[in-house]
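Chemist: have a look at this prediction, sequence included:
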Amino acid sequence: MNILVTGGAGYIGSHTCVALIQKGHTVIVADNLCNSKIETIDKIKQITNKEVTFYQIDVTDAVAVDTIFSDNSIDGIIHFAGLKAIGESVQKPLEYYYINLVSTMVLSKACLKYGVKKIVFSSSATVYGNNTVPFVENMKLMPCTNPYGETKAMIERILTDIGKVNSDWSVALLRYFNPVGAHECGLIGEEPNGIPNNLMPYITKVAKGELNKLRIFGKDYPTVDGTGVRDYIHVMDLAEGHVAALNNLTEGVHIYNLGTGQGTSVLQLVNAFEEANDIEVPYEIVERRPGDIAVCYAGTSKAKTELGWTAKRDIVDMCRDAWRFEKGYED
């Protein structure tokens, strides 16, 4: 199939492009490069030995999006494009609501116009709010603790409502957890612009000496060591989960968690990184970050049963691959 990947030059998007191409799909990427680099497209080509059609556009731009649909025969969409930092969303709520919601509505209108009926949406476990773990797909969603999560929940509702009145649409809402790591070749990985918002790239920047120390937000959570617990998933497992959802997509709206089903604390991840790579990561404990919850991990049985997908890589793989990318990027 010809798959449009919005945000395809970004961290998860680029790895998903590789996974798609390796499964025989053709990839068209739309990305405004606000949190990614054009060089990533060349690296995708290098890994796969396949061409990638690239459009540097903002997906909120309806005219630009229409051009992509008119220029290409698109069979399906994987929608990653959007702002994604929880802490930043608390400080810039209007920007998050506008960009994340409008981009989805622009894409949906284009799909209706051009008869594209397959959509895989990059949602988030954040939509579960302060529910009881493990989070499972049929839970009643709690109010999100930050605007980022609210935008994901709203987009899920938008796509669900569109699916109700377009019964031939096939929609997958993928609620995934905390992606870390990099492609095993070390060519692509998490490479945010500026100071990282996510934990693993912050760890690697500290390990490399670019940042003085890691800031750990809070040590008074009701967890094994007081630090937040998350379900960390290798980015290539996550990418393969998107391809599995696309390849198994049937009519209707379907929700899947993509995670490992296991929780790891921030300190446990730091210790695993130090042991896997034989390097020290200095850190300091600071106040809790607005919008964070204590514990978050997935119930994963639905994706295993319906998609035939499970996460295969462990914490050590994640830490080694993330450091391999960081060292290679430095070289």
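Modeler: Now that the structure is in, tell me what you want to look at.

Chemist: longest helix in the protein, please.
Modeler: For the chain, the longest helix by residue count, based on DSSP state H, is helix 93-114.

Chemist: how about it: buried residues?
Modeler: Buried residues in helix 93-114, counted by 16 or more other Cβ atoms under 10 Å: 96-97, 99-104, 106-108, 110-111. Using the backbone N, CA and C atoms, a C-beta is placed for each residue, glycine as well.

Chemist: please name every helix or strand in contact with it.
Modeler: helix 62-71, strand 76-79, strand 118-124, helix 147-165 (3 or more Cβ pairs under 8 Å, 6 or more residues apart in numbering; DSSP states H and E).

Chemist: can I get the buried residues of helix 93-114 in JSON lines with pLDDT and distance to His79?
Modeler: JSON lines is the format used below for these (pLDDT from 0 to 100; distance: Cβ to Cβ, whole Å):
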{"residue": "Tyr96", "pLDDT": "97", "distance to His79": "16"}
{"residue": "Tyr97", "pLDDT": "98", "distance to His79": "16"}
{"residue": "Ile99", "pLDDT": "97", "distance to His79": "13"}
{"residue": "Asn100", "pLDDT": "98", "distance to His79": "10"}
{"residue": "Leu101", "pLDDT": "98", "distance to His79": "12"}
{"residue": "Val102", "pLDDT": "98", "distance to His79": "13"}
{"residue": "Ser103", "pLDDT": "98", "distance to His79": "8"}
{"residue": "Thr104", "pLDDT": "98", "distance to His79": "7"}
{"residue": "Val106", "pLDDT": "98", "distance to His79": "11"}
{"residue": "Leu107", "pLDDT": "98", "distance to His79": "6"}
{"residue": "Ser108", "pLDDT": "98", "distance to His79": "9"}
{"residue": "Ala110", "pLDDT": "98", "distance to His79": "11"}
{"residue": "Cys111", "pLDDT": "98", "distance to His79": "10"}
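
Chemist: what about the closest residue to Tyr114 other than its chain neighbours, how many residues nearby?
Modeler: Nearest-residue entry for Tyr114: Phe69, 4.5 Å, with adjacent residues in sequence omitted and distances by Cβ to Cβ, 6 or more residues apart in numbering. Close neighbours of Phe69, defined as other Cβ atoms under 10 Å, add up to 20.

Chemist: Glu280 now?
Modeler: Glu280, neighbours per other Cβ under 10 Å, totals 11.

Chemist: so which strand or helix has it?
Modeler: Counting by DSSP states H and E, no helix or strand carries Glu280.

Chemist: is it true that it touches Asn271?
Modeler: No. Using Cβ atoms under 8 Å, Glu280 makes no contact with Asn271, being 10.8 Å away.

Chemist: show me what contacts Tyr128?
Modeler: For Tyr128, the contact set (Cβ atoms under 8 Å, 6 or more residues apart in numbering) comprises Phe135, Met139, Leu141, Met142, Arg175, Cys296.

Chemist: okay, it and Met142: tell me how far apart.
Modeler: 7 Å (Cβ to Cβ, to the nearest Å).

Chemist: ditto for Asp61
Modeler: Note on Asp61: its distance to Met142, by Cβ to Cβ, is 34 Å.

Chemist: which pLDDT does the model give Tyr329?
Modeler: Predicted confidence (pLDDT) at Tyr329: the value is 58.

Chemist: got the buried residues for stretch 236-255?
Modeler: 236-246, 248-249, 253-255.

Chemist: quick check: the farthest pair among the residues you listed?
Modeler: Met236 and Val253 (26.3 Å; Cβ to Cβ).

Chemist: tell me where this protein has helices.
Modeler: 11-22, 39-48, 62-71, 86-91, 93-114, 147-165, 199-208, 235-247, 266-277, 301-307, 315-330.

Chemist: I'd like the ones you listed as a markdown table, with distance to Val224 appended.
Modeler: Formatted as a markdown table, the helices of the chain follow (distance: least, Cβ to Cβ, whole Å):
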| stretch | distance to Val224 |
| --- | --- |
| helix 11-22 | 28 |
| helix 39-48 | 36 |
| helix 62-71 | 46 |
| helix 86-91 | 22 |
| helix 93-114 | 32 |
| helix 147-165 | 24 |
| helix 199-208 | 17 |
| helix 235-247 | 23 |
| helix 266-277 | 8 |
| helix 301-307 | 24 |
| helix 315-330 | 15 |
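
Chemist: can you tell which of those helices is closest to Val120?
Modeler: helix 235-247 (5.3 Å).

Chemist: where does this structure have low pLDDT?
Modeler: 329-331 (pLDDT under 70).

Chemist: which one of the helices and strands packed on helix 93-114 lies closest to Leu187?
Modeler: Using Cβ to Cβ, the nearest of the helices and strands packed on helix 93-114 to Leu187 is strand 76-79, at 20.5 Å.
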